[in-house]
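K.L.:
One predicted model, sequence on top.
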Amino acid sequence: MVGFDVQLLAVLRELAERGSVTAVARATHRTPSAVSQQLQTLQRQVGVPLVERIGRGVRLTEHGRVLAGLASGVATAIATVDAAWQEHLGGGTGRVDLAIFPSAAELLLPGVLTRMRAHPGITLSLVDVDVGEGAFAPLAADHDVVVGHRSDGVRPADQGAVQTVPLLREPLDVALPDGHRLAGRARVGIDEVVGETWIGVPEGYPIDRVLQAMAAASDVPPSVAFRTIHLPVIENLVVAGHGIALVPRYTSGTRASGRFHLAELADVRAGRRIEALVRPDRAVRPAVRTVLEALVAEAVDVTT
């Protein structure tokens, strides 16, 4: 394998993470034919098949999967050298692209931006994302840091493709209109609320997984009147008496007083894990490390 082009490894790695030649071409600003030619060149250099045809697309062979995993290590090693050189020259500077879902942005972003004032050489570029919990890790291919969330009990993203930096666990409470029959209670049981009309989030999101777990525990399918990804809209619908909802405690708690009541769910461990996802080669960049440290510090502050 001596003499093969390290840059071609990056193309193979992109194929492993993105799943198709077309997606790799789009992400790397190449044509699909150019990507295919580069993969063929790499195959000739290593002397074994790395991809195979499947329908109209391709997939990695076992050799391809192994080499793609090694490619991540190569990229990280190169990035580590670059990071050490940046530190020698005076520390982290440059742009860091942060993708974050809206309710985590509500909770963490003001404090993170305040902390980043101490690092004027770093420009933070912000992108709103809101996807199902299984779709956050792939976003790390296109963003330096991705703040995502997952349900209690769901395994973290593949550690080979991304590193997971835990930020906080946010409990989920039941939001009730102030005039609701249970609005005076600090805790409510599943059987007391599962049959209510619910305001929900899209299927596959962490909060919906908890609602489905409640249904499984009680054998009562939930009646979901409306679904939206927008937490303030959910809260407003609860306030107006259109249903009840599961909401994140710290985020919704800042708006609950005088508008709606929050009650702890007694019979199930209800919560979501908020975490930062980052490719290993990007995680070693000084500027990225600085942003991760700001996220971790802010998460500690909002939960204490």
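P.N.:
Here it is on my side, so go on.
K.L.:
all contacts plus neighbour counts: C-alpha atoms, from now on.
P.N.:
Fine.
K.L.:
So which residues of the stretch 51-200 of the chain form helices?
P.N.:
Assigned by DSSP state H, counting those that start in this stretch, the helices in the stretch 51-200 of the chain fall at 62-89, 102-116, 190-193.
K.L.:
Please identify the buried residues of the first one?
P.N.:
So that's helix 62-89. Using 16 or more other Cα atoms under 10 Å as the test for burial, helix 62-89 gives 64-65, 67-69, 71-72, 74-76, 79-80, 83-84, 86.
K.L.:
starting at the chain centroid, how far to it?
P.N.:
Taking Cα atoms, centre = their mean, to the nearest Å, one finds the center of helix 62-89 at 22 Å from the center of the full chain.
K.L.:
helices or strands up against that helix?
P.N.:
Secondary-structure packing of helix 62-89 (3 or more Cα pairs under 8 Å, 6 or more residues apart in numbering; DSSP states H and E): helix 6-18, helix 280-283, helix 286-302.
K.L.:
Out of the ones you listed, flag the one nearest Arg269.
P.N.:
helix 286-302 (20.5 Å; Cα to Cα).
K.L.:
gap between the closest one and the chain center?
P.N.:
The mean C-alpha position of helix 286-302 is separated from the chain mean by 15 Å, Cα atoms, centre = their mean.
K.L.:
now the angle between helix 102-116 and it, please.
P.N.:
Helix 286-302 and helix 102-116 meet at an angle of 110 degrees, taking axes from the mean of the first three to the mean of the last three Cα atoms, to 10 degrees as the criterion.
K.L.:
For helix 286-302, C-alpha coordinates in PDB please.
P.N.:
The C-alpha trace of helix 286-302 is given here as PDB (Å, rounded to 0.1, in the frame of the first residue of the first chain):
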ATOM      1  CA  PRO A 286      -8.300  24.200  18.700                       C
ATOM      2  CA  ALA A 287     -11.200  26.400  17.600                       C
ATOM      3  CA  VAL A 288     -13.600  23.500  17.700                       C
ATOM      4  CA  ARG A 289     -12.300  22.400  21.100                       C
ATOM      5  CA  THR A 290     -12.900  25.900  22.400                       C
ATOM      6  CA  VAL A 291     -16.600  25.800  21.200                       C
ATOM      7  CA  LEU A 292     -17.100  22.400  22.700                       C
ATOM      8  CA  GLU A 293     -15.700  23.600  26.000                       C
ATOM      9  CA  ALA A 294     -18.100  26.600  25.900                       C
ATOM     10  CA  LEU A 295     -21.000  24.200  25.300                       C
ATOM     11  CA  VAL A 296     -20.100  21.900  28.200                       C
ATOM     12  CA  ALA A 297     -19.600  24.800  30.600                       C
ATOM     13  CA  GLU A 298     -22.900  26.400  29.700                       C
ATOM     14  CA  ALA A 299     -24.700  23.000  30.000                       C
ATOM     15  CA  VAL A 300     -23.300  22.800  33.600                       C
ATOM     16  CA  ASP A 301     -24.600  26.300  34.400                       C
ATOM     17  CA  VAL A 302     -28.100  25.700  33.100                       C
END
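K.L.:
hmm, who's touching it?
P.N.:
83, 86-87, 91-96, 107-108, 111-112, 115-116, 122, 144-145, 165-168, 250, 276, 282-283 (Cα atoms under 8 Å, 6 or more residues apart in numbering).
K.L.:
Can you flag the buried ones in those?
P.N.:
Buried members of the contacts of helix 286-302, counted by 16+ other Cα under 10 Å: 83, 86, 91-93, 96, 107-108, 111-112, 115-116, 122, 144-145, 165-168, 250, 276, 282-283.
K.L.:
Could I get the phi/psi values of Val220?
P.N.:
Main-chain torsions, Val220, degrees, to the nearest 10: phi -120, psi 110.
K.L.:
can you count the residues close to it?
P.N.:
14 (other Cα atoms under 10 Å).
K.L.:
what do you get for the one 4 residues further on?
P.N.:
By other Cα under 10 Å, 16 other residues sit near Val224.
K.L.:
just to revisit the earlier point, so can I have JSON lines of the helices and strands packed on helix 62-89 showing distance to Ala140 and mean pLDDT?
P.N.:
Converted to JSON lines, the helices and strands packed on helix 62-89 look like this (distance: least, Cα to Cα, whole Å; pLDDT from 0 to 100):
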{"stretch": "helix 6-18", "distance to Ala140": "10", "mean pLDDT": "86"}
{"stretch": "helix 280-283", "distance to Ala140": "9", "mean pLDDT": "90"}
{"stretch": "helix 286-302", "distance to Ala140": "13", "mean pLDDT": "96"}
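K.L.:
mind checking how far the nearest residue to Ile229 once chain neighbours are set aside is from Ala23?
P.N.:
Nearest residue to Ile229, sequence neighbours excluded (Cα to Cα, 6 or more residues apart in numbering): Val201, at 5.5 Å. Computed as Cα to Cα, to the nearest Å, the Val201 to Ala23 distance reads 29 Å.
K.L.:
same thing with Asp82?
P.N.:
In this view, Asp82 and Ala23 are 27 Å apart by Cα to Cα.
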